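Enquirer: Okay, here's the prediction I keep looking at, along with the sequence it came from:
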Amino acid sequence: MGSVIRITSPLGGQAPASLQRFLTADPEFRACGRARWEAGAPTVEGHLGTGLDVLTLVVTGVLALPAAIDTVRRWCTAPGNRDTSVELRAGGVTVIVSGTTALHDVAALATTLAAALEPTAPPSPPSPASATALSAEPADAEPPRADASLGDGESVRQDTQERN
């Protein structure tokens, strides 16, 4: 699949249809992803729903984000769109792209969205060296002792073996 970014107007409404047409026609964007309409919210039984009202960008990966965001920025700077801005949302992160978004700001916006798209890394398994060190202890070795401190400065040593 790819990384999915939802585009809406800053007021929560539908992104302009001309943006989807621009993205579809742009050769640079076609090299890094695709745009499509999706339903904005699940429908409730007995209601028709809101229709296809959210424009989504499916980019090939986080490395394609700057090119995708720049394509949206170029649409916002086109004649007739100069006062238009759109929200790009991934996960819980939202960035706004408008006709005043500078080209040098695109990388920062892409980094912000990429952080929301990249999954957190799972804990790494123990290295073979640490696994060997753990298994190198003799089976009959005495278990470690723990010292616990009492509040009055005395300490109590707890043995893990039975007391006599």
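Expert: Now that the structure is in, tell me what you want to look at.

Enquirer: now the strands for this protein?
Expert: With strands called from DSSP state E, the chain shows them at 3-8, 33-39, 52-59, 85-90, 93-98, 146-149, 155-158.

Enquirer: want to throw these into a markdown table with distance to Leu109 and mean pLDDT?
Expert: The C-beta positions use only the backbone N, C-alpha and C, and glycine is treated the same way. Shown next, in a markdown table, are these (distance: least, Cβ to Cβ, whole Å; pLDDT from 0 to 100):
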| stretch | distance to Leu109 | mean pLDDT |
| --- | --- | --- |
| strand 3-8 | 11 | 84 |
| strand 33-39 | 15 | 81 |
| strand 52-59 | 13 | 78 |
| strand 85-90 | 8 | 90 |
| strand 93-98 | 5 | 92 |
| strand 146-149 | 51 | 45 |
| strand 155-158 | 56 | 38 |
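
Enquirer: Between those, which one is closest to Pro79.
Expert: strand 93-98 (14.8 Å; Cβ to Cβ).

Enquirer: picking up where we left off before, out of the strands of the chain, which comes closest to Val72?
Expert: Closest among the strands of the chain, using Cβ to Cβ: strand 93-98, at 4.9 Å.

Enquirer: C-alpha coordinates for that closest one, CSV please?
Expert: Only the C-alpha atoms of strand 93-98 are listed here, as CSV (Å, rounded to 0.1, in the frame of the first residue of the first chain):
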residue,chain,number,x,y,z
VAL,A,93,-1.1,15.3,13.0
THR,A,94,-2.4,18.1,10.8
VAL,A,95,-0.5,20.6,8.7
ILE,A,96,-1.9,23.4,6.6
VAL,A,97,-0.7,24.2,3.1
SER,A,98,-1.6,27.5,1.5
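
Enquirer: Redo the strands of the chain as CSV? Include mean neighbour count and distance to Ala15.
Expert: Shown next, in CSV, are the strands of the chain (neighbours: other Cβ atoms under 10 Å; distance: least, Cβ to Cβ, whole Å):
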stretch, mean neighbour count, distance to Ala15
strand 3-8, 20, 5
strand 33-39, 16, 9
strand 52-59, 20, 4
strand 85-90, 20, 5
strand 93-98, 17, 11
strand 146-149, 9, 61
strand 155-158, 8, 65
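
Enquirer: Minimum distance to Arg74: which of the ones you listed has it?
Expert: That would be strand 93-98 among the strands of the chain, by Cβ to Cβ, at 9.9 Å.
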